[in-house]
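Colleague: any chance you can model this:
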Amino acid sequence: MLSKENLERFEALVAIDQKTAKIQSELDKTRLELRETKSELKKLKALDPERIKKNLAENKKKLVTKNSELKARNSELLEVRKQLRECKAELGLSQNEEDHFFVSCCQRWVLSFSGFQFPNEKPDPESVRVRCLDRETGASVVVRHIREEQAVWSIDIGIPEEVSQKAIEKILELGTLNRQGM
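Modeller: Take a look at the predicted model:
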């Protein structure tokens, strides 16, 4: 049997154990309440007016940046569309051209008539230009005007003198000099 002293010790230990369990239970409740409070605090911080203002300012800056990028892309798109329209118009005019009237001896250069008009010219349905096509590269240019018995092409693509002379002869023969504004 247990002695009185041991029995008192045992009862004291049981009492301490009960107090510890009670304190542990209260501690667990307190921890749970702390977690809930922290969660609520986090939600409240998200609603903090200062923080909202800061986030709003950052979002406005991002929006301004995105808008400026969008405007730049839109202007680039408009420019590309304009170039596409011009190319389509030029292609349409070149598709309406007559067959070629001259082929160089090397078979590389071809001269034909064209209804092409430069964008700064007044529309003239009777306007006729001479177009030169480089069959190797696919580059195509038209005579802008004649200066000192030399053909001035819209772009220099290295057209031989023989081909330029044939273009001048045909322009002078047809009398399209005045209609082309040369």
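Colleague: could you point out which element follows the host helix or strand of Arg9?
Modeller: Counting by DSSP states H and E, the element that carries Arg9 is helix 4-46. The helix or strand immediately downstream of helix 4-46 is helix 49-95, counting by DSSP H and E.
Colleague: centroid-nearest residue for this structure?
Modeller: The residue lying closest to the centre of the chain (Cα atoms, centre = their mean) is Arg73, at 5.0 Å.
Colleague: pLDDT at that residue, what is it?
Modeller: Arg73 carries a pLDDT score of 94 in this model.
Colleague: can you give me the neighbour number for Thr65?
Modeller: 10 (other Cβ atoms under 10 Å). Heads up, the C-betas are built off the backbone N, CA and C, glycines and all.
Colleague: now do it against Val142, distance only.
Modeller: Counting by Cβ to Cβ, to the nearest Å, the gap from Thr65 to Val142 is 44 Å.
Colleague: give me the domain ranges for this structure.
Modeller: Domain segmentation of the chain under automatic domain parsing yields 4-47, 98-174.
Colleague: so which of the ones you listed is the most surrounded?
Modeller: The highest mean neighbour count among those, using mean count of other Cβ atoms under 10 Å, belongs to domain 98-174: a mean of 15.
Colleague: can you pull the contacts of Pro119?
Modeller: Counting by Cβ atoms under 8 Å, 6 or more residues apart in numbering, Pro119 makes contact with Glu86.
Colleague: next, the residue nearest to Ser140 when sequence neighbours are not counted: secondary structure please.
Modeller: If the residues on either side of it in the chain are set aside, Ser140 comes closest to Leu133, at 4.9 Å by Cβ to Cβ, 6 or more residues apart in numbering. Three-state call for Leu133 (DSSP: H, G, I helix; E, B strand; the rest coil): strand.
Colleague: how about the contacts made by Leu133?
Modeller: Neighbouring residues of Leu133 by Cβ under 8 Å, 6+ apart: 100, 109-112, 139-140.
Colleague: for it, give the beta-bridge partners.
Modeller: Leu133 has the following beta-bridge partners by DSSP bridges: Val110, Ser140.
Colleague: so for it, what's the pLDDT?
Modeller: 84.
Colleague: ok, now how distant is Cys106 from Ala89?
Modeller: For Cys106, the distance to Ala89 - Cβ to Cβ - is 31 Å.
Colleague: before we move on, what about Ile23?
Modeller: Distance of Ile23 to Ala89, given as Cβ to Cβ: 90 Å.
Colleague: what's the answer for Lys43, then?
Modeller: Taken as Cβ to Cβ, the span from Lys43 to Ala89 is 62 Å.
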